[in-house]
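# sequence unknown, structure follows:
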């Protein structure tokens, strides 16, 4: 039977990771993998996370299932993180949360829920976007319509293309949006641009589907949630896919969830029940360990404060690496201007160099990045910046 299967093209990021691991050179730099790294090049366990996990181990009495929606404490704490503890959504029952296997699980479940709610809906996606968005959400059966997200220079949002796309969408269509720290470009919507998006969704009866994978890594934990709170003020319904991989460093624990916002308590309950039916059919019960760590941490005021301080250190380090990269590439022989990187947020940005230059960096200098030139700024550190800046100087001619 399996002989009839067709070979699939390799995933570009996974292939790059394999090439990097196979490279025997001691001096090599990985700017492709999408995980946070500290100045030693390690992906650490946060101190607050380690303490929360220790407390969880000491108190946990069972490994039985928690139910399809997952740990209710996790769900409640995540809703507060997204919308604020005093948001009317929470007090009126208009928002509920379902635990999922990471942010990817939340995206898949959200797409399934929206398809069930409106089989005729189209999903509008600004490109470039996270490469897995399209196959992941396309697997739900939602037809996709793509439009240009970046302007011609690649340093800002193409608001004309976005407005034309949303103006041509039909009522009930879905708009995929990055909540903050756009992956792969780092180019975020400003609050004024978010307001325009909200107005278009209001006018056209469109449903925002917001991917929040990096809350806290952009302008700060609360500032990064400002677009969600704007949506909550103005729109009757939308959904949010949230991930704890980056801001809690829980990559392998697959902690995340889907927040469902509806026009009333009863409607939200009905939508949540439909989503749980879908979850039951896809993975049945969600993983618990990562979600329980987050629940333990956020419910403890001291651990939460410690985590917020650690998260701010992560954010500031990424900002510092943006500054350092721009400083060290100023005056390159090709005259490339990378200053726009300073205005972008999150772990990623595009270098915007040629495919030949990307290949030369990899082959001659052991600097690895995906062919799109998306780089992980957290992959830069005090030990490799000299090698990186010299490699860029030699290649950019």
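Nice, I can see it. Computed from a predicted structure; not experimentally measured. Numbers count the residues shown, from 1 in each chain.
# next structured bit after the host helix or strand of residue 303?
Element membership of residue 303 [criterion: DSSP states H and E] is helix 301-329. Later in the chain than helix 301-329, the nearest helix or strand by DSSP H and E is strand 348-350.
# which elements pack onto that following strand?
strand 374-376 (3 or more Cβ pairs under 8 Å, 6 or more residues apart in numbering; DSSP states H and E). In short, each C-beta sits where N, CA and C put it, glycine included.
# contacts for the strand it packs on, please.
30-35, 37, 184-185, 347-351, 369 (Cβ atoms under 8 Å, 6 or more residues apart in numbering).
# so what are the sheet partners of that strand and their directions?
strand 348-350 (antiparallel) (DSSP bridges).
# for whichever helix or strand comes after the strand it pairs with, buried residues please.
Next along the chain after strand 348-350, taking DSSP H and E as the criterion, comes helix 355-365. By 16 or more other Cβ atoms under 10 Å, the buried positions in helix 355-365 come out as 357-358, 360-362, 365.
# quick one: distance of helix 355-365 to the chain centre.
28 Å (Cα atoms, centre = their mean, to the nearest Å).
# average pLDDT across the following helix or strand past that helix?
Using DSSP H and E, the helix or strand that follows helix 355-365 in sequence is strand 367-368. Mean pLDDT, computed over strand 367-368, is 96.
# just give the nearest non-adjacent residue to residue 333, would you?
residue 397 (5.0 Å; Cβ to Cβ, 6 or more residues apart in numbering).
# quick check: that neighbour touching residue 335?
No: Residue 397 is beyond contact range of residue 335, at 10.1 Å (criterion: Cβ atoms under 8 Å).
# and the helix holding residue 303, what other elements does it pack with?
By 3+ Cβ pairs under 8 Å, 6+ apart, helix 301-329 packs against helix 47-59, helix 289-298, helix 385-395.
# export these to a markdown table and tack on mean neighbour count and mean pLDDT?
Shown next, in a markdown table, are the helices and strands packed on helix 301-329 (neighbours: other Cβ atoms under 10 Å; pLDDT from 0 to 100):
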| stretch | mean neighbour count | mean pLDDT |
| --- | --- | --- |
| helix 47-59 | 16 | 97 |
| helix 289-298 | 24 | 98 |
| helix 385-395 | 17 | 94 |
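# ok, back up a step: look at the residue nearest to residue 333 and report its pLDDT.
87.
# for burial, what's the neighbour tally of it?
9 (other Cβ atoms under 10 Å).
# do the same with residue 36
Neighbours around residue 36, by other Cβ under 10 Å: 22.
# can you tell me which residues contact it?
Neighbour list for residue 36: 43, 246, 249, 314, 318, 347, 378 [criterion: Cβ under 8 Å, 6+ apart].
# nearest residue to the first one in space, please, no chain neighbours.
Closest residue to residue 43 in three dimensions, ignoring its sequence neighbours and counting by Cβ to Cβ, 6+ apart: residue 35, at 5.1 Å.
# follow-up on the earlier one: residue 153 is nearest to which of the helices and strands packed on helix 301-329?
Counting by Cβ to Cβ, residue 153 lies closest to helix 385-395 out of these; the figure is 19.7 Å.
# name the residues that touch the closest one?
Contact partners of helix 385-395, identified using Cβ under 8 Å, 6+ apart, comprise 27, 29, 324-325, 328-329, 332-333, 353, 357, 360-361, 364-367, 380.
# ok, now with 7 Å
Applying Cβ atoms under 7 Å, 6 or more residues apart in numbering, the set of residues contacting helix 385-395 from outside is 27, 29, 324, 328-329, 332-333, 357, 360-361, 365, 367, 380.
# stretch 47-62 too?
Residues from elsewhere that reach stretch 47-62 (Cβ under 7 Å, 6+ apart): 248-250, 292-293, 296-297, 303, 306-307, 310.
# try stretch 3-23
With Cβ under 7 Å, 6+ apart, stretch 3-23 has contacts from 28, 30, 32-33, 366, 368, 370-371.
# show me where pLDDT drops low in the stretch 201-350 of the chain?
The model of the stretch 201-350 of the chain has no residue with pLDDT under 70.
# quick one: closest of the helices and strands packed on helix 301-329 to residue 135.
Nearest to residue 135 among the helices and strands packed on helix 301-329 is helix 289-298 (23.9 Å), distances taken as Cβ to Cβ.
# endpoints of stretch 19-34, how far apart?
15 Å (Cα to Cα, to the nearest Å).
# avg pLDDT for that stretch?
For stretch 19-34, mean pLDDT is 90.
# and that stretch, what's buried?
For stretch 19-34, by 16+ other Cβ under 10 Å, it's 20, 28-34.
# how far away is residue 110 from residue 369?
Distance of residue 110 to residue 369, given as Cβ to Cβ, to the nearest Å: 30 Å.
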